[in-house]
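J.: coordinates for the following, if possible.
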Amino acid sequence: MMPRCRPVLEPRGVRVREHAADRVAAVHRCADVLEELGAVHPAYREAMLDREWAMSTYVGEGVAIPHGLDRSRALVRRDSLAVLRFPDGVEWDGATVTVCVAIAARGDGHVALLSALARILLDPLRAKGLREATDPAEIVGMLNAEDEP
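T.: Numbers count the residues shown, from 1 in each chain. Next up, the predicted model:
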């Protein structure tokens with residue numbers, strides 16, 4: 001019997017009312033959620049911070065994608081994403097982030113969702129919708145959408 005595969009993004013991995021004093025605190029919150037999901041070893045948190053200091057994970061349109069370094073893949077228990085919305089914004093290397101899409105990846109299970117995220121961010125109205133969404137199921141639906149027009 002094949003083991004049941006969990007989705008990479010599930011509603012319990014979406015938090016819509018987060019607060020963080022700065023990007024370090026925001027990365028810590030992202031790591032907290034990935035740990036709560038059972039996706040990462042606690043040491044993955046440091047890898048996420050190391051990655052942030054090596055190069056900002058801000059990607060534009062108010063979104064950052066905190067994740068670990070390649071060498072930290074062994075700390076990932078399963079591919080998973082967490083989406084955290086910071087309604088008040090977080091200063092992020094000169095920009096303001098309102099959405100973090102935290103990535104834990106051993107393989108490529110997250111690639112389709114990142115592709116969907118890229119399509120959303122290329123459309124200013126859809127990017128605004130993502131930044132303002134308050135329903136976890138809506139966010140999961142946006143990112144799990146099959147082929148977008």
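J.: quick one: contacts for residue 109?
T.: Going by Cβ atoms under 8 Å, 6 or more residues apart in numbering, residue 109 touches 8, 79. The C-beta positions use only the backbone N, C-alpha and C, and glycine is treated the same way.
J.: got it, and residue 92?
T.: 23, 26, 56, 58, 64.
J.: my read: the second one touches residue 19, true?
T.: No - at 9.1 Å, residue 26 and residue 19 do not qualify as touching, with contact defined as Cβ atoms under 8 Å.
J.: identify the contacts common to these two.
T.: With Cβ under 8 Å, 6+ apart as the test, residue 26 and residue 19 both reach residue 86.
J.: in terms of neighbours, single out the busier of the two.
T.: Each of residue 26 and residue 19 has its neighbours counted (other Cβ atoms under 10 Å); residue 26 has more, 24 against 11.
J.: averaged pLDDT, the helix or strand where that one lies. What do you get?
T.: Using DSSP states H and E, residue 26 maps to helix 23-36. Averaging pLDDT along helix 23-36 yields 98.
J.: can you point out the buried residues in the helix or strand following it?
T.: Reading on from helix 23-36 to the C-terminus, the next helix or strand found by DSSP H and E is helix 44-54. Residues of helix 44-54 classed as buried by neighbour count (16 or more other Cβ atoms under 10 Å): 44-45, 47-49, 51-52.
J.: any low-confidence regions in the protein?
T.: Along the chain, segments meeting pLDDT under 70 span 1-6, 146-149.
J.: strands of that one, residue ranges please.
T.: 14-15, 58-60, 63-64, 80-92, 95-104 (DSSP state E).
J.: so which of the ones you listed is nearest residue 71?
T.: When these are compared by Cβ to Cβ, strand 95-104 sits nearest residue 71, at 14.2 Å.
J.: please check the contacts of residue 92 and keep the buried ones.
T.: For these, a burial check counting by 16+ other Cβ under 10 Å picks out 23, 26, 56, 58, 64.
J.: just these now: which is nearest residue 139?
T.: residue 64 (15.2 Å).
J.: widest-spaced pair of the contacts of residue 92?
T.: The two members of the contacts of residue 92 with the most space between them (Cβ to Cβ) are 26 and 56, at 12.0 Å.
J.: which residues do those two both contact?
T.: Taking Cβ under 8 Å, 6+ apart as the criterion, residue 26 and residue 56 both touch 64, 92.
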